[in-house]
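Peer 1: Structure for the following, please:
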Amino acid sequence: MLAAIAAASCSRSSPPATASATPSQAVRSAPETVILQASDVPADYVLETDDVMTAQQLADGLSTSTKALEERGASAYVRAFKQSDQQFRCCLVDSILITTADANAARAVFADFRASALALGSTETDLGEKVGDDSRVLVFQQPTSDGDLVTMTVLFRYANVVDAVEVTGRPGSFERPYVLDFARKQLGRLRADAERT
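Peer 2: Residues are numbered from 1 along each chain as shown. As a prediction, this is how the structure comes out:
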């Protein structure tokens, strides 16, 4: 969702998605080391995007100011993978990792992301599972010249991080819980880092 907004763009063996951070835990490693990795997506997916978002891109995507982001110590990194075939049907898998100064700043960024997504036409749905300290599932349908695209986002907060794990594809091209598999893997990477530091 934020990738589209800011134009910045499966196994169950991962740790339980309900893991919560303790107040003293924080993700401290460089974003590119804790964001989804190639090993987290199917073998036929290739790297599409791997970059730091500018403060302006992030501010635009969250409908906030760069000053507010600076006050929260917020910065973002995006990594996206797509299937390597020529005919796009499914899927684009991306993770937008927003690191903040602390858990309170993460709560504010989480609220901004959710509000911005809803204002742009996303709807909230329930997949029956909580991810991290707080989470929401957002669905956005976008018409294109080749037909509609659907983006399902698991937006979650863990310690000092907000992450949006997204799957985009044609309607019916992926099962709704598919995105949860990637969100669990992303949470597992964040949790391992927070527990290590």
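
Peer 1: So residue 69 is in contact with residue 60, correct?
Peer 2: No - look at residue 69 against residue 60 with Cβ atoms under 8 Å: they stay out of range, at 10.7 Å. C-beta here means a position set from N, CA and C on the backbone, and glycine is covered the same way.

Peer 1: Of those two, which one has the most company?
Peer 2: residue 69 (23 against 19; other Cβ atoms under 10 Å).

Peer 1: wait, is that one part of a strand?
Peer 2: No - with the criterion set as DSSP: H, G, I helix; E, B strand; the rest coil, the secondary structure at residue 69 is helix rather than a strand.

Peer 1: tell me, which helix in the protein spans the most residues?
Peer 2: helix 178-196 (DSSP state H).

Peer 1: quick one: least confident helix or strand in the protein?
Peer 2: helix 2-6 (a mean of 40; mean pLDDT, DSSP states H and E).

Peer 1: and the gap between the residue minimising distance to the centre of the chain and residue 137?
Peer 2: Nearest residue to the geometric centre of the chain (Cα atoms, centre = their mean): residue 164, 1.6 Å. According to Cβ to Cβ, to the nearest Å, residue 164 stands 11 Å off from residue 137.

Peer 1: Quick check: neighbours shared by these two?
Peer 2: Counting by Cβ atoms under 8 Å, 6 or more residues apart in numbering, the shared contacts of residue 164 and residue 137 are 153-155.

Peer 1: if we can go back for a sec, can you list the helices and strands that the longest helix of the chain packs against?
Peer 2: Using 3 or more Cβ pairs under 8 Å, 6 or more residues apart in numbering; DSSP states H and E, the elements in contact with helix 178-196 are helix 31-34, strand 90-99, strand 149-158, strand 161-169.

Peer 1: The third one pairs with which strands, and in what direction?
Peer 2: Sheet pairing of strand 149-158 (DSSP bridges) gives strand 134-142 (antiparallel), strand 161-169 (antiparallel).

Peer 1: so which of those strands gets nearest residue 51?
Peer 2: Ranking the strands paired with strand 149-158 by their distance to residue 51 (criterion: Cβ to Cβ) puts strand 161-169 first, at 15.3 Å.

Peer 1: Is residue 101 in contact with residue 160, as I believe?
Peer 2: Yes - under the criterion of Cβ under 8 Å, residue 101 makes contact with residue 160 at 6.7 Å.

Peer 1: circling back to that earlier point, quick check: which of the helices and strands packed on helix 178-196 is buried the most?
Peer 2: Using mean count of other Cβ atoms under 10 Å, the stretch among the helices and strands packed on helix 178-196 with the largest mean neighbour count is strand 161-169, at a mean of 27.

Peer 1: Next, the angle strand 90-99 makes with it.
Peer 2: An angle of 170 degrees separates the directions of strand 161-169 and strand 90-99 when computed by axes from the mean of the first three to the mean of the last three Cα atoms, to 10 degrees.

Peer 1: now strand 161-169: how far from the chain's centre is it?
Peer 2: Strand 161-169 has its C-alpha centroid displaced from the chain centroid by 3 Å (Cα atoms, centre = their mean, to the nearest Å).
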